[in-house]
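# A predicted structure for the sequence below; I have some questions about it.
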Amino acid sequence: MKAFNDLADFSNEEILALIELAGRLDKHPEPEALKGKVLSLLFLSPSLRTLASFQAAMTRLGGGSFVISPEMSIHGLESRPGIVMDGAAAEHIREAVPVIASYGDAIGIRAFAERKSIEADMAETEFSSLIDLIDTPYINMESAMNHPCQNLADWKTMDDLSIPTNGGKFVLSWAYHPRALPLAVPASTLYMAAKRGMDVTVLRPDGFELPEAIMQKAKLAANASGGSVTETDDRDAAMQGADIIYAKSWSSTRYYGDKNGDQKLREEHLAWCVDEPWFANAKKDCRFMHCLPVRRGVVVADNILDGPRSIVIPEARNRMLAQMAILYQMLGGDS
Amino acid sequence: MKAFNDLADFSNEEILALIELAGRLDKHPEPEALKGKVLSLLFLSPSLRTLASFQAAMTRLGGGSFVISPEMSIHGLESRPGIVMDGAAAEHIREAVPVIASYGDAIGIRAFAERKSIEADMAETEFSSLIDLIDTPYINMESAMNHPCQNLADWKTMDDLSIPTNGGKFVLSWAYHPRALPLAVPASTLYMAAKRGMDVTVLRPDGFELPEAIMQKAKLAANASGGSVTETDDRDAAMQGADIIYAKSWSSTRYYGDKNGDQKLREEHLAWCVDEPWFANAKKDCRFMHCLPVRRGVVVADNILDGPRSIVIPEARNRMLAQMAILYQMLGGDS
Amino acid sequence: MKAFNDLADFSNEEILALIELAGRLDKHPEPEALKGKVLSLLFLSPSLRTLASFQAAMTRLGGGSFVISPEMSIHGLESRPGIVMDGAAAEHIREAVPVIASYGDAIGIRAFAERKSIEADMAETEFSSLIDLIDTPYINMESAMNHPCQNLADWKTMDDLSIPTNGGKFVLSWAYHPRALPLAVPASTLYMAAKRGMDVTVLRPDGFELPEAIMQKAKLAANASGGSVTETDDRDAAMQGADIIYAKSWSSTRYYGDKNGDQKLREEHLAWCVDEPWFANAKKDCRFMHCLPVRRGVVVADNILDGPRSIVIPEARNRMLAQMAILYQMLGGDS
């Protein structure tokens, strides 16, 4: 495996093999599998779970990692091409990224969307510009439109609980949040659930539709796996018979890159905070998922997070296990 | 061992076994004992020795660790229960702590006293609220009233130098410091020396008495082990025949949580800076201990710290060794 | 090996043995060589490559490391001798450095020049004051006038490309940079190239001469190894037949410690940005080296850095390999 960048690069069989491997490494540790192997971790955007879970994953397999973020370079990293660097930044990503990559057997990179232009973010212009600088195997630790480690962990989380694939109903619901957040998690989660064969409904207010290309990509995956993809702003219809509600806030696509427009629109939807009444028509044991961090009392009510519906903690732990499987395959634990 | 939270949870025999193990691991390294094991390190309060010594300890035993502090989460961690999170903090400790714990085989947590209410701090309300969130084995890396890793290291340091247990005289002395510091070190050090069977004197100005419950806990331990506990503001009487002076500044308990009252009272005691004249009546080779960091020329004179009385460097090194023993027992190095 | 502080402390044979070892460890990993060994890393000055490459080096050899920088202590570290610490800093380097060293089998220390007095910096007053505090084996990770890990990596980089030793021409060129930078890299790079037996020319504007003692030290090394050392401000003469141009900006020695004087003088030399015309008289495949970080369009033109002349990425990777060899010898991988 030379890259773990997008669930779409893998067949369902390959994904299931990774999930099986993750479970095996949890039950039967292999603390010598990646002896002496190094994972470079480059965080151009902040992190807690990703930071902790990748470091823990490498240790559990007998290797190690190091962490670099822009503030570790003198006055930060420059990323603009062709610029005369006579300002604050003393180093350009064109040197920093290949150097950091050269110290590792693989590199994990996190770089959030710029959120100026939806086209640029859909094209993954920033993440691609970083990947173009390296030859090492790499892992996408969240880019503008992708978060494949989260997706693999989420898939495993549903498998662990025997949530049905075909016939299982997955509601990806927008939720209120005081700020405009990236599309990476909703876009790639939608794709994951569709590829898993589930009947997926995107529940969101007007103005928060996911981009057409994202919807199409998910629909193609659903067609291939026996699932379906629909969208609505009707909560009761969406939640009918749901096995899973996956809550996440995201930017308005109508006002993408327009902070004021987005803000004004989202303030109309303060009531989009997942709470028990949402589950009236859902399956009795409908579960609540979220990639974390989550704002209590804003995105979801305390009683849901603290109650039996919530599976956010095992979901987060599966980040580590999923990443162990990826690292094991990528760095030759098998050989 | 499911928790290392308070020396009071262990018999003297268990403590001596840990100290023996620490010495053995120093002389006869076991670099495969904790192969593939992970220690999560959560610092809600800053650290240098604890940070370094725990990371070094895990490496020496063949495992690894990762470090999380609140600034690694987006805009910090919220800790208030039941709050609507529409402010800066994007994550609550109710998610962050269990997630971080889930990536490790054990977790170390540091959370200083809030120092608003002496009752709340004595009840360890903050540390307990964190521990309640997890099932993993844990280590107290300093809480409101406890610093058991420091205590174990200090006990070992005195054993290393053959400082007498019964009959040995231990002076825990308040010292001046420009700021009001927590009670964790003095309270738990007093208990440690008493449990070790020493004759312990708490030397402090009026208004800096340790809480009655802390004194009582230490007296019970002294009774059981053949030691004694007294307190005084008379330096000459306290230092008579002393084997050890353990200096530490702490908050005024008379003005606990009252910054101005505390400040006014402590400014009267600028002269409480340990210096050679303090040792006039002490044993000739009376040693100076301090948990570090220490303010030179404020808490203690340079000539003491730089002279033969000071054992603060081996004392600090024993932090690592003591923690290796704890981790070895907790994470199954024995099995 | 008790210290790796200055290339001058090693014979050419010893250096070649380290380079051979570095190459061997790259081709034939020894992931158990330093099992359970700990490297303490103390960064009193910021770092990216050094930080990442030392952590990676220890992991590749089966050991580990921990990182301490002043901001991890409460309110930073005090370094002035004899001071009454009633200000912000809560800890003195006289305690912090020995404690940090005591947790490792070796310690790496980085402390840039103070750049107030050229005499003090030439005497390595700051770095020496730190080394005096410890007994552990240590590695100079860049001091006022030395950067021996960079030097060893650079030597290896030229060996890797079969750049001639005797008869090879090495141009160490000053370059423009908006700020006054330390002399550590130019001073120690000059020495390295001279010791390697090359014909070395220091190319710099008036006022940026390297100190006489630095020049003399390099000339002695050149005499012993069959090389030569000259200096000039004539670019065409300097570049005639060059195999290597090693660019680096540094402080004006005429105005050392005088910010305004330095600034005024350097602003006259904005044109000192390495570009293709510089190579008119050089060997056809003359290579470009730089220790990084480098300012694009200021120190060197983009087309040089992005073209075939640049070897800055393998040069940076050799930092890790060179340090692996040092650590292997220092921490007993041989035994």
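That came through fine.
# tell me the domain ranges of chain A?
A:3-146+A:316-330, A:162-310 (automatic domain parsing).
# end to end, how far does the first one reach?
From its first residue to its last, domain A:3-146+A:316-330 covers 8 Å (Cα to Cα, to the nearest Å).
# what are the C-alpha coordinates of stretch A:88-99, in CSV please?
Extracted in CSV, the C-alpha atoms of stretch A:88-99 (Å, rounded to 0.1, in the frame of the first residue of the first chain):
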residue,chain,number,x,y,z
ALA,A,88,8.4,36.2,8.6
ALA,A,89,8.4,32.6,7.4
ALA,A,90,12.0,31.2,7.2
GLU,A,91,11.1,27.9,5.5
HIS,A,92,8.9,26.8,2.6
ILE,A,93,6.9,23.6,2.5
ARG,A,94,8.8,22.7,-0.7
GLU,A,95,11.8,21.9,1.5
ALA,A,96,10.0,21.1,4.8
VAL,A,97,7.7,18.4,3.5
PRO,A,98,10.3,16.3,1.6
VAL,A,99,12.7,16.6,4.4
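# Quick one: distance of it to the chain centre.
How far stretch A:88-99 lies from its chain's middle: 26 Å, per Cα atoms, centre = their mean, to the nearest Å.
# Equivalent analysis for stretch A:155-164, please.
Put simply, stretch A:155-164 sits 17 Å off its chain's centre (Cα atoms, centre = their mean).
# cool, and stretch A:72-87?
Centre-to-centre, stretch A:72-87 and its host chain are 28 Å apart (Cα atoms, centre = their mean).
# Using CSV, write out every CA atom in that stretch.
Provided in CSV are the C-alpha atoms of stretch A:72-87 (Å, rounded to 0.1, in the frame of the first residue of the first chain):
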residue,chain,number,x,y,z
MET,A,72,8.1,24.3,15.2
SER,A,73,9.8,26.0,12.2
ILE,A,74,11.2,29.4,12.8
HIS,A,75,8.2,31.8,12.2
GLY,A,76,6.1,29.1,10.5
LEU,A,77,6.1,27.5,7.0
GLU,A,78,5.5,29.4,3.8
SER,A,79,3.3,27.6,1.2
ARG,A,80,2.8,30.1,-1.6
PRO,A,81,4.6,29.1,-4.8
GLY,A,82,7.1,31.4,-6.3
ILE,A,83,7.1,33.8,-3.4
VAL,A,84,10.1,36.0,-2.4
MET,A,85,10.5,34.9,1.2
ASP,A,86,11.5,38.2,2.8
GLY,A,87,8.7,38.2,5.4
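# Can that stretch be said to contact chain B?
No: Stretch A:72-87 does not reach chain B (Cβ under 8 Å from any Cβ of the partner chain); its nearest approach is 13.5 Å. In this view, the C-beta of every residue, glycine as well, is placed from N, C-alpha and C.
# is it possible to export the domains of chain A to JSON lines including mean neighbour count and mean pLDDT?
Shown next, in JSON lines, are the domains of chain A (neighbours: other Cβ atoms under 10 Å in any protein chain shown; pLDDT from 0 to 100):
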{"stretch": "domain A:3-146+A:316-330", "mean neighbour count": "21", "mean pLDDT": "95"}
{"stretch": "domain A:162-310", "mean neighbour count": "19", "mean pLDDT": "98"}
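# and of the ones you listed, who's closest to C:Lys37?
C:Lys37 lies closest, by Cβ to Cβ, to one member of the domains of chain A: domain A:3-146+A:316-330, at 12.9 Å.
# Turn the domains of chain A into CSV, including distance to C:Leu161.
Shown next, in CSV, are those (distance: least, Cβ to Cβ, whole Å):
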stretch, distance to C:Leu161
domain A:3-146+A:316-330, 16
domain A:162-310, 42
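# near chain B, which residues of the stretch 51-200 of chain A?
Contact residues, the stretch 51-200 of chain A versus chain B (Cβ under 8 Å from any Cβ): A:51-53, A:55-56, A:58-62, A:64, A:178.
# again, only this time at 7 Å
Proximity of the stretch 51-200 of chain A to chain B (Cβ under 7 Å from any Cβ of the partner chain) is limited to residues A:51-53, A:55-56, A:59-60, A:62, A:64, A:178.
# biggest separation within these, which pair?
Farthest apart among these - using Cβ to Cβ - are A:Gly62 and A:Pro178, which lie 42.6 Å from each other.
# in the stretch 101-250 of chain A, which spans are helices?
Taking DSSP state H, counting those that start in this stretch to define them, one finds helices in the stretch 101-250 of chain A at A:118-122, A:125-131, A:148-160, A:184-195, A:212-225, A:235-239.
# Report the distance from the fourth one to the chain centre.
It refers to helix A:184-195. How far helix A:184-195 lies from its chain's middle: 8 Å, per Cα atoms, centre = their mean.
# center of chain A - which residue?
With distances taken as Cα atoms, centre = their mean, chain A has A:His147 as the residue nearest its mean C-alpha position (2.8 Å).
# what's near enough to touch it?
Contact partners of A:His147, counting by Cβ atoms under 7 Å, 6 or more residues apart in numbering or on different chains, are A:184-185, A:188.
# Going by proximity to chain B, name the top residue of chain A.
Of all residues in chain A, A:Pro31 sits closest to chain B, at 2.5 Å by Cβ to the nearest Cβ.
# do you know how far that residue is from B:Leu327?
Going from A:Pro31 to B:Leu327 by Cβ to Cβ, to the nearest Å gives 15 Å.
# Likewise for A:Asn146?
Noted for A:Asn146: a distance of 38 Å to B:Leu327, by Cβ to Cβ.
# ok, now A:Leu292?
28 Å.
# Longest helix in chain A, please.
Determined from DSSP state H, the single longest helix within chain A is helix A:312-330.
# for that one, packing partners?
If contacts are counted by 3 or more Cβ pairs under 7 Å, 6 or more residues apart in numbering or on different chains; DSSP states H and E, helix A:312-330 sits against helix A:12-27, helix A:49-60, helix A:148-160, helix B:93-102.
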